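Student: only geometry, no sequence info:
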């Protein structure tokens, strides 16, 4: 989401770092470029003016002009201002007599229902909460069924209701059911509209009054840019918002919503939707996000993502297999590709890696690599178990069958087998001499494959 903004700010601040001494003139030039970068990222104009004004006030003071390393100080000022604009980290407040009610509101298509499922999964797995979901959307066809399916996927309860009921009555019934079942957190998914209208606002106000939620979260699509902040403002005037869930941040949004919504609504961003999977919900941390924007990476989030998405049982099984001398097969390779996809793909990985923004066309390369990963997974899925264990069996007729089954070409299968062979060699080096040998085998390149991202 922040790629373009990160690149623009990176160029500006790299130029500042290269100057031995800063003057008022080159600081003003840098501030002009920062202003343009923020406007291009679709940050709301009032936020841009305030941001640049605060940076100018600090940058033109003795803090920078008399510093031993003025460029680094200016980078810190921009980082601090990004954090200030996005607000402090604000965890969910569930300190009430159970059930704690969380109300989700927003326009149709923003991702409320999906976010409800993701939030339920997060609360169940990370906080060990007993969660119930309830849909109050009696207007969108199959909305209730969609939430019921999501509840089943993440392993939480879902309140059954008749779509002919009034949403306010459904909310009261869900609250009664949650109390009877000793549920700790009740998440209510309200109906959205294609545009803000008074009937919608009146309904959600009545629901709020009926259940008195401890958290009222506004769900907004990051792709809507400045409109996200304007819509959030309208909802903020109708409801006492306690936080925001910013969805679809893994797309090509320009980042303006993340930098605008707190300033305009006063409600902190609490979560980022970073993909379609039920695990693709990140707790929002302004310090980490500011680090990503300025190319400092977010190693903490990267480690957390790896820990959450790695199947420990499968990892231990693979380690024992390699240690015993058994070969690394295509089923193992498929598992590694799957874990990368569960982490949000290579783009998400690169987004959190310090200095990755300086790699030329890193975003485009990562997108192409993810496409190749999905193609390779389809190829392996079209193989028989024996073929996955023994790739050497692969001949022309087998390749033609696999290509037909996976919708790929024979050259795609040949490329996969070549990369798999390279990966197998790396695994042998790890077994024989650990990580150092593997790194020497890479020759400073990114694994696996030629001189760049996998499959490119």
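Tutor: That came through, no problem. Given the structure is predicted, the values throughout are model-derived calculations rather than measurements. Residues are numbered from 1 along each chain as shown.
Student: what's across from the spatially closest residue to residue 283 that is not a sequence neighbour in the sheet?
Tutor: The shortest distance from residue 283 to any residue other than its chain neighbours is 6.2 Å, reached at residue 271 (Cβ to Cβ, 6 or more residues apart in numbering). Heads up, the C-betas are built off the backbone N, CA and C, glycines and all. Beta bridges link residue 271 to residue 245, residue 283, judged by DSSP bridges.
Student: Am I right that residue 278 is in contact with residue 119?
Tutor: No: using Cβ atoms under 8 Å as the test, residue 278 is too far from residue 119 to be in contact (9.9 Å).
Student: Pull up the gap between the residue nearest to residue 283 and residue 257, please.
Tutor: 13 Å (Cβ to Cβ, to the nearest Å).
Student: the helices in the stretch 101-250 of the chain, which residues?
Tutor: Counting by DSSP state H, counting those that start in this stretch, the stretch 101-250 of the chain has helices at residues 112-127, 143-154, 167-180, 198-211, 226-238.
Student: pLDDT averaged over the second one - what is it?
Tutor: Same thing as helix 143-154. Here helix 143-154 scores 92 as its mean pLDDT.
Student: related to what we said a few turns ago, can you pull the residues that touch both of residue 271 and residue 257?
Tutor: Counting by Cβ atoms under 8 Å, 6 or more residues apart in numbering, the contacts common to residue 271 and residue 257 are residue 246.
Student: Name the residue in these two with the higher neighbour count.
Tutor: A side-by-side neighbour count of residue 271 and residue 257, using other Cβ atoms under 10 Å, places residue 257 first with 32 against 22.
Student: Are we agreed that the more buried one is in a strand?
Tutor: No: membership of residue 257 in a strand is not supported by DSSP: H, G, I helix; E, B strand; the rest coil, which gives helix.
Student: and residue 278 and residue 119? which has more neighbours close in?
Tutor: Between residue 278 and residue 119, counting by other Cβ under 10 Å, residue 119 is the more crowded of the two (28 against 18).
Student: distance of the nearest residue in space to the more buried one that is not next to it in sequence from residue 211?
Tutor: Closest residue in space to residue 119, ignoring its immediate chain neighbours: residue 187 at 6.0 Å, by Cβ to Cβ, 6+ apart. Distance from residue 187 to residue 211, counting by Cβ to Cβ: 11 Å.
Student: okay, and the common contacts of those two?
Tutor: Here residue 187 and residue 211 have no joint contacts, going by Cβ under 8 Å, 6+ apart.
Student: need the contact list for the residue nearest to residue 119.
Tutor: Shown in contact with residue 187 (Cβ under 8 Å, 6+ apart): 102, 104, 116, 119-120, 131-134.
Student: for residue 84, same thing?
Tutor: residue 54.
Student: Any regions of the chain where pLDDT drops low?
Tutor: Scanning the chain with the threshold set as pLDDT under 70 gives 1-4, 16-22, 61-71, 194-195, 225-229, 251-256, 295-328, 341-366, 427-456.
Student: And the residue nearest the centre of it, how far from residue 185?
Tutor: Nearest to the mean C-alpha position of the chain, by Cα atoms, centre = their mean, lies residue 274 at 2.2 Å. Separation of residue 274 from residue 185 (Cβ to Cβ): 22 Å.
Student: Show me the longest helix that occurs in this structure.
Tutor: Assignment by DSSP state H gives helix 410-433 as the longest helix of the chain.
Student: who's residue 134 bridged to?
Tutor: When assigned by DSSP bridges, residue 134 has beta-bridge partners residue 188.
Student: Do a quick rundown of the helices in the stretch 351-456 of the chain.
Tutor: Taking DSSP H, counting those that start in this stretch as the criterion, the stretch 351-456 of the chain contains helices spanning 362-381, 385-389, 396-406, 410-433, 435-442.
Student: Buried deepest among those helices, which one?
Tutor: helix 362-381 (a mean of 19; mean count of other Cβ atoms under 10 Å).
Student: so that helix versus helix 410-433, what angle?
Tutor: Angle of helix 362-381 versus helix 410-433, following axes from the mean of the first three to the mean of the last three Cα atoms, to 10 degrees, is 100 degrees.
Student: Give the other helices and strands that helix 362-381 contacts.
Tutor: Counting contacts by 3 or more Cβ pairs under 8 Å, 6 or more residues apart in numbering; DSSP states H and E, helix 362-381 packs against helix 330-342, helix 345-351, helix 396-406, helix 410-433.
Student: Switch those helices over to a markdown table, and while doing so, append distance to residue 223 to every line.
Tutor: Output for those, formatted as a markdown table (distance: least, Cβ to Cβ, whole Å):
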| stretch | distance to residue 223 |
| --- | --- |
| helix 330-342 | 21 |
| helix 345-351 | 15 |
| helix 396-406 | 31 |
| helix 410-433 | 31 |
